[in-house]
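In: here is the input, now give the coordinates:
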Amino acid sequence: MSPALSGKRLDGKVCLITGAGSGMGRVAARLFAREGARLVLADVARDTVAQAAREIREKGGEAVAVAADVSSEADCERMVKSAVEAYGELHVLYNNAGIFPEKDHSVTDTAPDVWDLVYRVNLRGVYLGCKYGIPAIIRSGGGSVINIASFVALVGCTVPQDAYTASKGGVIALTKSLAVQFGPEGVRSNAVCPGPVETPLLMEWLLKEPAEKQKRLSRIPMGRFGKPEDVAYLALYLASDESSWTNGAVIAVDGGITSNYF
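Out: Numbers count the residues shown, from 1 in each chain. As a prediction, this is how the structure comes out:
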């Protein structure tokens, strides 16, 4: 039965999601599973990602877990190999894993080791995922690369997080290059730029800093922070065949924050 007839938007697709143990990655994994995807969930937190995969299997979905540090070439090679070994092919690479350390500030006071750590995960991790994931997608007949960037890569910020911002700008530039290189081989590559999303890390900080919370809310025309589902549904579109002519796009899902002048 075709996806259109079955109502499952990802029927038959093998999807690899990094950073799938928690936050936006875990929410996306649940959504993709409901839409018929066969999943490989990767995360540096072994127990957490195993639990995420087990949860999907208990609800009738297909998921395997891989403990992987995306900054490690060997781990990235292994997570892609695990997808092919488990399901025989790979159609979607969702590069979601990322970090935002508290010590990431301005270039004037961010230590080089913090800068390097952010780049290893946020940009090198995307590079390594694509290095091994894209050839597997090509061998499977084509598919989709979804890279998580950020709204801060599109606008300046008075509260700087320069390593994170620069790394996410690199993700956008890399995505454009991938779209041009591999579009002719049936691989479309797109970048998603979320605004402030209600992740446990962000909410814990803002609950302790009410003024900082209000400062950020006042910039969002929709009057609320994003939810992981807001990002996951956009990723679902990009993973599905509905986005078959969407390539090289940089899509903000941010409640309008990047459109707000005052």
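
In: after the longest strand belonging to the chain, next one along is what?
Out: Under DSSP state E, the strand in the chain containing the largest number of residues is strand 187-194. Next in sequence after strand 187-194, counting helices and strands by DSSP states H and E, comes helix 200-208.

In: which other helices and strands does that following helix contact?
Out: If you count contacts as 3 or more Cβ pairs under 8 Å, 6 or more residues apart in numbering; DSSP states H and E, helix 200-208 packs onto helix 210-217. Any C-beta I mention is one placed from the backbone N, CA and C, and that applies to glycine too.

In: please enumerate the strands of the stretch 51-200 of the chain.
Out: 62-67, 92-95, 143-148, 187-194 (DSSP state E, counting those that start in this stretch).

In: and the shortest one, what other elements does it pack with?
Out: Strand 92-95 is packed against strand 14-18, helix 125-139, strand 143-148, helix 228-239, with contacts defined by 3+ Cβ pairs under 8 Å, 6+ apart.

In: just name the most buried of the strands of the stretch 51-200 of the chain.
Out: Mean neighbours per residue, mean count of other Cβ atoms under 10 Å, is largest over the strands of the stretch 51-200 of the chain for strand 92-95, with a mean of 29.

In: that one: partners in the sheet, and parallel or antiparallel?
Out: strand 14-18 (parallel), strand 143-148 (parallel) (DSSP bridges).

In: C-alpha coordinates for the next helix or strand after the shortest one, PDB please?
Out: Sequence-wise, the next helix or strand downstream of strand 14-18 (DSSP H and E) is helix 23-34. In PDB, the C-alpha atoms belonging to helix 23-34 read as follows (Å, rounded to 0.1, in the frame of the first residue of the first chain):
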ATOM      1  CA  GLY A  23      14.700  16.900  23.600                       C
ATOM      2  CA  MET A  24      13.800  17.700  20.000                       C
ATOM      3  CA  GLY A  25      15.400  14.500  18.700                       C
ATOM      4  CA  ARG A  26      13.300  12.200  20.900                       C
ATOM      5  CA  VAL A  27      10.100  14.000  20.000                       C
ATOM      6  CA  ALA A  28      11.000  13.700  16.300                       C
ATOM      7  CA  ALA A  29      11.700  10.000  16.800                       C
ATOM      8  CA  ARG A  30       8.200   9.400  18.200                       C
ATOM      9  CA  LEU A  31       6.600  11.400  15.400                       C
ATOM     10  CA  PHE A  32       8.600   9.700  12.700                       C
ATOM     11  CA  ALA A  33       7.700   6.300  14.200                       C
ATOM     12  CA  ARG A  34       4.000   7.100  14.200                       C
END
